[in-house]
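S.K.: test case, fold it:
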Amino acid sequence: MLDKVQSSEIEALMLAMGERAKQAARKLAVASTDQKNKALNAAADAISASTEVILDANAKDLASVADKGLQPSFIDRLTLTERRIADMAEALRAIAALPDPVGSIIAAWERPNGLKIERVRTPLGVIGVIYESRPNVTADAGALCLKAGNAVILRGGSDSLNSSLAIHRCLLKGLQEAGLPEDAIQLVAVADRSAVGALLSGLNGAVDVIVPRGGKSLVARVQSEARVPVFAHLEGLCHIYVDASADLSMAVNVVVNAKMRRTGICGAAETLLIDRAVALTHLQPILAALAEKGCEIRGSEEVRARVEGLKAATEEDWRTEYLEAIISVKLVDGIDGAIEHINSYSSNHTEAVIAEDPQVVARFFNEIDSAILLHNASTQFADGGEFGMGGEIGIATGKMHARGPVGVEQLTSFKYRVHGTGQTRP
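M.R.: Have a look, this model is predicted:
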């Protein structure tokens, strides 16, 4: 770990990483599918074989934050278990099994003059990934970038540095076994925050795209300081709306899962909206089921008047991504009220509607512009793996290039190949 590097040396260190990544990206761009898959499968085997080493490293990270008073959601994201490490290895194998996007033809057509034109997927080049607390992102991001033919510079949170280093060593073993350059996946082993600033500068043109994965403050800094394009991953202020046409049993099950399956992930529901028309029949059973699972409920004044013992929801609650067992609840005037509230407060990540009325569903899908919209399903499905994409770096909430789960296809650009037979332009 390079924790003794002086700030004055960090810029030179980062510039050197950028140059090496740029050189590695050229080799990856022409690497065969077999080579990339071999590297991914070998890295997965290395992670499985290094389970105890990774757990020991993670224990050091957890010990270092034990007295910092961090939120349980942060600790949950930082914590690795044997099951999570096994899932990490399996995710790499799943990415290896995906079709290689590089070189695939997106579209092809022929012009009247005989020119044959193809739009073909190409790697982006060098990707900088900045993330907090989640050491598994080291494996996911490294693998996805590799499969898409990109070199990557990873800068994880300082609190997870020991875990990330242990995982990174496994990725390097995979690259070595496949005969690919080790500089294809580099990890910034410096805790100093100035390394983030250097990466955001673009490293003299070496970095093509930045992908932030973390809280609002991290994403805000990245968007403010980055001198290269950013795939924005904003907070997951996710809503779930229960319409008057909703099946009550389904609504109870879906809402509880959306909030309580894993409260610390970006796809966890944070605000529950219920159609005022079914307040008498649906409100109490849904809130009782949440409370039974240990969820703290913060209700609007109207909700508190109907259900005793709830905390009051403030204006700030409607804007809060809790990442804990807390949910804010409000009654609304049908689909109109739900759309109005969501469009006012959403982070444009993921929203769900529980309804049997097709007109309600159609309006929800058409009038809400979040990256992911679900009908009669939990917001916790907002995940690249659940979409059949094999994994993701994050959920992009912007509108340019990548949106929703950022998987291997989203980590590519394209170029045009034009085939002629001697044509000249008149």
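S.K.: so which bits of the top helix by length along the chain are buried?
M.R.: Longest helix of the chain, by residue count under DSSP state H: helix 7-28. Within helix 7-28, the residues that count as buried by 16 or more other CB atoms under 10 Å are 10, 13, 14, 17, 18, 20, 21, 22, 24, 25, 27, 28. (Each C-beta comes from the backbone N, C-alpha and C, glycine too.)
S.K.: contact partners for the first one?
M.R.: Looking back up the chat, that one is residue 10. By CB atoms under 8 Å, 6 or more residues apart in numbering, the contact set of residue 10 is 190, 192, 194, 195, 198.
S.K.: for the last one, which residues are in contact?
M.R.: Contact partners of residue 198, counting by CB under 8 Å, 6+ apart, are 10, 11, 14, 15.
S.K.: which secondary structure element contains it?
M.R.: Here residue 198 sits within helix 194-200, counting by DSSP states H and E.
S.K.: let me know the average pLDDT across that helix.
M.R.: Mean pLDDT, helix 194-200: 92.
S.K.: tell me what the helix or strand just after that helix is packed against?
M.R.: Downstream of helix 194-200, the next assigned helix or strand under DSSP H and E is strand 209-213. Counting contacts by 3 or more CB pairs under 8 Å, 6 or more residues apart in numbering; DSSP states H and E, strand 209-213 packs against strand 126-131, helix 136-147, helix 216-225.
S.K.: 10 Å - rerun?
M.R.: If you count contacts as 3 or more CB pairs under 10 Å, 6 or more residues apart in numbering; DSSP states H and E, strand 209-213 packs onto strand 126-131, helix 136-147, strand 151-155, helix 194-200, helix 216-225.
S.K.: so what's the gap between the second one and the chain middle?
M.R.: Helix 136-147 has its average C-alpha position 12 Å from the chain's average C-alpha position, going by CA atoms, centre = their mean, to the nearest Å.
S.K.: what is it packed up against?
M.R.: Helix 136-147 sits against helix 7-28, helix 33-49, helix 82-97, strand 126-131, strand 151-155, helix 161-178, strand 185-187, strand 209-213, with contacts defined as 3+ CB pairs under 10 Å, 6+ apart.
S.K.: if you set the cut-off to 7 Å instead, what comes out?
M.R.: helix 33-49, helix 82-97, strand 126-131, strand 151-155, helix 161-178, strand 185-187 (3 or more CB pairs under 7 Å, 6 or more residues apart in numbering; DSSP states H and E).
S.K.: what's next to it, contact-wise?
M.R.: Applying CB atoms under 7 Å, 6 or more residues apart in numbering, the contact partners of helix 136-147 are 36, 39-40, 47, 84, 88, 91-92, 95, 98, 100, 127, 129, 131, 152, 154, 156, 164, 167-168, 171, 184-185, 187, 213, 391, 393, 407-408, 411.
S.K.: buried ones among these?
M.R.: Neighbour counting with 16+ other CB under 10 Å marks 36, 39-40, 47, 88, 91-92, 95, 98, 100, 127, 129, 131, 152, 154, 156, 164, 167-168, 171, 184-185, 187, 213, 391, 393, 407-408, 411 as buried within the contacts of helix 136-147.
S.K.: packing partners for the host helix or strand of residue 75?
M.R.: Element membership for residue 75 (DSSP H and E) is helix 72-78. The contact analysis (3+ CB pairs under 7 Å, 6+ apart) places helix 72-78 against no helix or strand.
S.K.: what mean pLDDT does that helix have?
M.R.: Averaged across helix 72-78, pLDDT comes to 85.
S.K.: buried residues in that helix?
M.R.: For helix 72-78, by 16+ other CB under 10 Å, it's 73, 74, 75, 76, 77, 78.
S.K.: so where's the stretch 1-150 of the chain uncertain?
M.R.: Judged by pLDDT under 70, the stretch 1-150 of the chain has its weakly predicted residues at 1-8.
S.K.: not counting sequence-adjacent ones, nearest residue to residue 22?
M.R.: Once flanking residues are discounted, residue 22 sits nearest to residue 206: 4.5 Å by CB to CB, 6 or more residues apart in numbering.
S.K.: hang on, isn't that neighbour packed against residue 125?
M.R.: No - when contacts are counted by CB atoms under 7 Å, residue 206 is not listed as touching residue 125 (8.5 Å).
S.K.: so for these two, which sits in the more crowded spot?
M.R.: More crowded of residue 206 and residue 125, by other CB atoms under 10 Å: residue 206, with 25 against 19.
S.K.: ramachandran angles for that one?
M.R.: phi -70, psi -30 (degrees, to the nearest 10).
S.K.: please name the residues that touch it.
M.R.: Residue 206 neighbours (CB under 7 Å, 6+ apart): 18, 19, 21, 22, 126.
S.K.: may I ask which two of these are separated the most?
M.R.: Spatial extent of the contacts of residue 206 (CB to CB) is set by the pair 19 and 126 at 9.9 Å.
S.K.: tell me how far residue 350 lies from residue 70.
M.R.: 25 Å (CB to CB, to the nearest Å).
S.K.: out of the two, which sits in the busier spot?
M.R.: residue 350 (30 against 14).
S.K.: could you give the bridge partners of that one?
M.R.: The partner list for residue 350 in beta bridges (DSSP bridges) reads residue 372.
S.K.: that older thread, what is the nearest of the buried residues of helix 72-78 to residue 363?
M.R.: For these, the nearest to residue 363 is residue 73 (32.8 Å; CB to CB).
S.K.: just the CA atoms of the helix holding residue 75, as PDB, please.
M.R.: The C-alpha trace of helix 72-78 is given here as PDB (Å, rounded to 0.1, in the frame of the first residue of the first chain):
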ATOM      1  CA  PRO A  72     -24.900   0.400   9.300                       C
ATOM      2  CA  SER A  73     -25.600   0.700   5.600                       C
ATOM      3  CA  PHE A  74     -22.000   1.800   5.100                       C
ATOM      4  CA  ILE A  75     -20.700  -1.100   7.200                       C
ATOM      5  CA  ASP A  76     -22.900  -3.500   5.200                       C
ATOM      6  CA  ARG A  77     -21.500  -2.300   1.900                       C
ATOM      7  CA  LEU A  78     -17.900  -2.600   3.200                       C
END
